[in-house]
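Asker: return atomic coordinates for the entry below.
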Amino acid sequence: MSNYTYENFKLMVNMFNIPAAILKVYQNDDGSCGDIIMYAINDVLEANYKKLFTAEGEEKQVEGVPYYHNMQKEPKFEDVCYKAAFRNEKNHTYIDTTMMYGFWTESILYPIGQPEGNVGYCLFMYTLNKSMDTGKYALVPPDIASFVIKTCLNLRNDEDFFTNMAVVTQDIREYTNSYAACIMTVTPDLYKFDVISECVRDNEICIKEIFENIPYEIVETWEDLLGETNCIIIKDDVDMKFYEEKAPRWVETLKENKVNSLILVPFMHQNTIIGYLYITNFNVDNISRLKETMELVSFFLSSEAANHLIMERLEYLSNIDMLTGVFNRNSMNVNVDELATKLKVNPRPFNVAFCDLNGLKSINDNEGHHNGDQLLKDAANVLKDIFEGDKIYRAGGDEFTIISFDDEQTFMQKIATLKQEACDPDWLYFAVGYYHDEKDGNLRLALRYADERMYKDKDAFYQSHPEKRR
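Answerer: Model (predicted):
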C-alpha cells in the first residue's frame, strides 16, 4: 500500500466523471469499524456534496474529514465500507433515496489493495437520478432478481389482496431466515397503522396483538429516523444503542419483545411513507444481500399497499359519517340486511337502541349550525365511549342506532350510563328507546319496537321542556 499516497489517490478519483472518493477506513481494536474519512475526492463529488448538504453562503470542508461531517452518520454505510476495506467485498446498490435527497442513488464500493494494520481503503462512487431507471435493475445478482420476480408474480395471483400478502410475507421470512416478518400500512391523517400480514416461526406469537399495545406515536418516530437513511437495519448491540439514543421508547419495545436484529424498509408512494416491511431476528451473515433484496421488494410492495389504501379509503368514505366518525345510513342499510338474514337462520340474543338528540333544531336555529355540528360530534363521542365494540350508526340527521350482542344486563348498564351522561336539556340530551331480543332473531321487529319506545321518550322530554320543541 506504500505506493498508494494521497497524490496517487487524487489522480485516480479525478479520472472519473461521476462523484468519486477514496475512503480511508479505520478498524477499532475490537475488530469493529472505526472512523471513515473522505480521504481524496474529485471535483464532481465536492460540488455535488456542497449542493446537497450545504446551505447557501455556508462553507464546509468535504475532503479530509469524516463522511458524517456533511451528512448523517449511517451504520449500514459504515458496514459496507468496512467490508470493502477489510474483507475485500465489492458492493453495488441501486436504491430509493428520494425521501432523503430527492434522488434514486446508484452506488459502488470497491476494495483497494490490502489493509495496513488498522487502516484500509476503498473507492466510493455514485450517480443520482430524479426518477427510477428500470434498466439499473438488470445489474442485480441473479438470486436477488429471482426472488424479486417471484414476489411480483405472487402479488399478481388471482387470490385476494390479503392472501397474496400473506404468501409474500412467508416467502420473505424464509428468504431472510428471520424469526418474524410482517407488512403494515400507515394512515397518518387517521392516526393509525395496520398489520395486514404476518409470518412467525412456528406461529409462536401474534405480531398484530403485539402492535395493538404499541402507540401510534412510536411508529410515527420511524419516519424521522428514515429521514437519515433509506431503511433501518439493526444487526447488533452497537446498532441497537445507536437507535436507542435517537428513539428510546421504540427500542424499549424491541427489547421487551426480544428483538435482537431488525430490518425496517418503508413503502414510498408519491414521496410519502404509506407502510413498512418489518423483519425481526434475521440472519445477519449477509446483510448487504438482504438489504438490497428487501429494498427492491419494497418498491413493488409499495404499489400494492397504495392500491389497498385507496380502496380502503373509498370504502371508509362510503360507510363512515364524516362529521361524527360513526357508521352512516348506507352502512346501516347494508349491515341490517345482512344481519337480519343471519339472525333469521341462526338466532342469538341481541340488543338494539335508537338514540335521538333532543333540541338539535333549537341549537341550529338559535346558536348556529356550527354549534349544532359540535353537538352531533359530542353526542357521537359519548356513544362511542359507552358502546365501545358495538355497531353505532348515524341513521338520520339527529338520530343514532346501536346494535349490540352484549348480554341483556351489560347492555342495560350501558343504557343507564348513557341516560346519566346525556341528560342536559340545554345541550346533550338523548331520547332513548331500546329492545332486547333473547331468541326470536327478528332484527327488523326489534328495531321497530326500539323506535316506538324512543318516540315515547322524546314526547316525554318535550312535555317537560316545551321551549325545546321543534
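Asker: report all helices and strands that the helix or strand in which residue 49 is found contacts.
Answerer: Residue 49 belongs to helix 43-53 when elements are defined using DSSP states H and E. Helix 43-53 is packed against strand 20-27, with contacts defined by 3 or more CB pairs under 8 Å, 6 or more residues apart in numbering; DSSP states H and E. (Glycine included, C-beta is placed from N, CA and C.)
Asker: quick one: the strand it packs on to helix 43-53, angle?
Answerer: Computed with axes from the mean of the first three to the mean of the last three CA atoms, to 10 degrees, the direction of strand 20-27 lies at 80 degrees from that of helix 43-53.
Asker: just checking, what packs against the following helix or strand past strand 20-27?
Answerer: Once the chain leaves strand 20-27, the next helix or strand it forms, by DSSP H and E, is strand 33-41. On a contact count with 3+ CB pairs under 8 Å, 6+ apart, strand 33-41 meets helix 6-13, strand 20-27, helix 75-87.
Asker: kindly calculate the angle that the helix holding residue 49 makes with helix 6-13.
Answerer: 80 degrees.
Asker: other residues contacting helix 43-53?
Answerer: 13-14, 16-21, 41, 60, 62-63, 70-71, 101, 128 (CB atoms under 8 Å, 6 or more residues apart in numbering).
Asker: the longest helix in the protein is where?
Answerer: helix 287-319 (DSSP state H).
Asker: and whichever strand or helix holds residue 362, what does it pack against?
Answerer: Per DSSP H and E: residue 362 is located in helix 360-367. If you count contacts as 3+ CB pairs under 8 Å, 6+ apart, helix 360-367 packs onto helix 369-386.
Asker: what is the mean pLDDT for the helix it packs on?
Answerer: Mean pLDDT, helix 369-386: 92.
Asker: show the subsequent helix or strand relative to the helix or strand of the chain with the lowest mean pLDDT.
Answerer: Of all helical and strand segments in the chain, the minimum by mean pLDDT, DSSP states H and E falls on strand 91-97, at a mean of 74. Tracing the chain past strand 91-97, the next element assigned as helix or strand by DSSP H and E is strand 103-116.
Asker: in stretch 323-331, what's buried?
Answerer: 324, 326-328, 331 (16 or more other CB atoms under 10 Å).
Asker: average pLDDT for that stretch, rounded please.
Answerer: pLDDT averaged over stretch 323-331 gives 90.
Asker: and what of stretch 400-413?
Answerer: Mean predicted confidence for stretch 400-413 is 94.
Asker: all numbers from here: first residue = 473
Answerer: In the new numbering, first residue 473, that becomes stretch 872-885.
Asker: name the residues of the helix holding residue 834 that are buried.
Answerer: Buried, per 16+ other CB under 10 Å, within helix 832-839: 832, 834-836.
Asker: chain center to that helix, what's the gap?
Answerer: 42 Å (CA atoms, centre = their mean, to the nearest Å).
Asker: alpha carbons of that helix, as CSV, please.
Answerer: C-alpha atoms of helix 832-839 as CSV (Å, rounded to 0.1, in the frame of the first residue of the first chain):
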residue,chain,number,x,y,z
LEU,A,832,-80.9,19.9,17.9
LYS,A,833,-83.1,22.1,15.8
SER,A,834,-83.3,24.6,18.6
ILE,A,835,-79.5,24.7,18.8
ASN,A,836,-79.2,25.2,15.0
ASP,A,837,-81.8,28.0,14.9
ASN,A,838,-80.7,29.9,18.0
GLU,A,839,-76.9,29.2,18.1
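Asker: and the contacts of it?
Answerer: Contacts for helix 832-839 (CB under 8 Å, 6+ apart): 843-844, 847-848, 869-870, 899, 939-940, 942.
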